[in-house]
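*Asks:* Quick one: sequence and predicted model below, then my questions.
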Amino acid sequence: MWKRTNKVAIYLLTTLFVIFFSNHVILLLHKSSEQVRYNSITQVVTSPDPKPDVAVDADTPQSRPWYMAGGELRPGLSNMSGSGSLYPEQAPGHDRIPSQINFIPPDTPESQDSAELPLKKVLFWTGANGWGIKLGRGVFLKEQCPVSTCVISTRRKDSATADLIIFKDHFIMPSFDRPKKQLWMIFMLESPLNTQQFKKPSVFNWTATYRSDSTVVTPYERWEYYDPGVRALNQTINYAANKTKKVAWFVSNCAARNGRLEYARNLSKYIDVDIYGECGSQKCPRASKDCYKILNSQYKFYLAFENSNCVDYITEKFFVNGLKYNILPIVMGARKQDYVRSAPEKSFIHVDDFEGPEQLAKYLHKLDNDDSLYNEYFQWKGTGEMINTKFFCRVCSLLHDEQRTRDEASTYYNDINKWWRGRGICVKDSWRTHSNKTNNSAL
């Protein structure tokens, strides 16, 4: 009797324990599941929305877009083709470079290795000098273009069969009969003040310039963040340490039309400015790497002054001479909003933020005396990189865009001179002065 009772008791206790343990496990699993779901929701909510034309995941270099250093994320017919805006009228104020780089037209075959595939022909009208590439299909394959079925020629006898003719830096009207569907592009990197007035203003379909409203934007450099939501990082070094000199400037053209030399000389009345080259008393051979070592180690500020004050005109004077080194660039050239759009956040000082050289100098002295304030201008370092803009890849992809849906007015430039050098594109004085004059005349 006792044995039977004992067995029953043990059975009941075991059953109760199993039920309790199972419920506890279920509760733990439920809580764990809820936590995972919460973390997932939190991540989705707090993570910045990616730009519509860029697929970015900055966790590892390999997960970055293919055109970034170490990036392996490539476009495909099923994931990135056709996303984003391609043409200037579709996205005013944006260069559309990532969208164009990743664009794969819908009819593109999975494999582009077949010798039977038709090739789009690009003719360099003025030859290959200055391009730094070989003729043929090589550049499209070397750049690993998503669309590589294009070929480059310099033979003018190909003018009747070329899909696109590129005129670089200068244009003289050709004498051959132009096919109806043939596209003409003008390629220019200099500002309007240093380029020609076109006698035939309505012959171009595409433009390739530094301007953000060009068909294929060709900036001197192009900055892109690894993660658009991370634009500043704590730095481990003091960028002001051991720097004993104030402002430096490397310049050879003393006759720029925007008054940059006069501004620099006026600035030197209120803060030390060392001018190297033809326009100053300091000497350092342009080819010498020691010049830029001096910038890194001795100076706190650099005058990244362009030779023209024109919309979007930002050259290597800023991107290379300035941002490449551990020095704070002071900029003159494009409008401030152009620099804000093109540069890392808080990486420069624009002259138009101040009434004149004296006010700018006071602010520079303030930064010179406060390492913490000075170092705030370097927190962008490590948040992104200057990318390869894959110019030829973009040209090839757009040439294969047979389903281009653009209104007729956007398929050619009715007056290239008006677009390129019209009113308000360049100013002789500062943008600040120009804006004040415009506002006063409107009253």
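*Replies:* Structure's in. What do you need?

*Asks:* can you pull out the helices in the stretch 51-200 of the chain?
*Replies:* All helices of the stretch 51-200 of the chain, identified by DSSP state H, counting those that start in this stretch, fall at 97-101, 138-142.

*Asks:* Let me see the residues that make contact with the last one.
*Replies:* The list of residues contacting helix 138-142 from outside it, by C-beta atoms under 8 Å, 6 or more residues apart in numbering, reads 133, 147-152, 392-393, 396. Glycine gets a C-beta too; all of them are placed from N, C-alpha and C.

*Asks:* Quick check: which of the helices of the stretch 51-200 of the chain is nearest to E110?
*Replies:* Distances from E110 to each of the helices of the stretch 51-200 of the chain were compared using C-beta to C-beta; the minimum, 16.4 Å, belongs to helix 138-142.

*Asks:* buried ones in that closest one?
*Replies:* Judged by neighbour count (16 or more other C-beta atoms under 10 Å), helix 138-142 contains these buried residues: 139-140.

*Asks:* Name the nearest of the contacts of helix 138-142 relative to L73.
*Replies:* For those, the residue nearest L73 by C-beta to C-beta is C393; the value is 15.2 Å.

*Asks:* List phi and psi for the closest one.
*Replies:* With angles defined as degrees, to the nearest 10, C393 sits at phi -60, psi -40.

*Asks:* distance of the nearest residue to it once chain neighbours are set aside from S153?
*Replies:* Nearest residue to C393, sequence neighbours excluded (C-beta to C-beta, 6 or more residues apart in numbering): C145, at 3.6 Å. Between C145 and S153 the computed distance is 17 Å (C-beta to C-beta, to the nearest Å).

*Asks:* And those two? Which one has more around it.
*Replies:* C145 (22 against 18; other C-beta atoms under 10 Å).

*Asks:* re earlier: how about the helices of the stretch 51-200 of the chain, which one is nearest N417?
*Replies:* helix 97-101 (25.6 Å).

*Asks:* Which residues does that closest one contact?
*Replies:* For helix 97-101, the external contacting residues (C-beta under 8 Å, 6+ apart) are 51, 53-54, 65, 67, 75, 83-86, 146, 216-217, 219, 222, 224, 387, 389-390, 393-394, 397-398.

*Asks:* count of neighbours near E358?
*Replies:* When counting by other C-beta under 10 Å, one arrives at 13 neighbours for E358.

*Asks:* swap in E110?
*Replies:* E110 is flanked by 6 other residues according to other C-beta under 10 Å.

*Asks:* Which pLDDT value belongs to it?
*Replies:* What the model reports as pLDDT for E110 is 85.

*Asks:* now D95, nearest residue through space, not along the chain?
*Replies:* V217 (4.1 Å).

*Asks:* Now do the same contact list for the one you found.
*Replies:* Per C-beta under 8 Å, 6+ apart, neighbours of V217: 95-97, 208-211, 389.

*Asks:* what about the residue nearest the centre of the chain, distance to L364?
*Replies:* Taking C-alpha atoms, centre = their mean, the centroid of the chain lies closest to R222, which sits 2.5 Å from it. Using C-beta to C-beta, R222 is found at 28 Å from L364.

*Asks:* how about the strands of the stretch 51-200 of the chain, start to end?
*Replies:* Along the stretch 51-200 of the chain, counting by DSSP state E, counting those that start in this stretch, strands occupy 120-124, 150-153, 164-168, 183-187.
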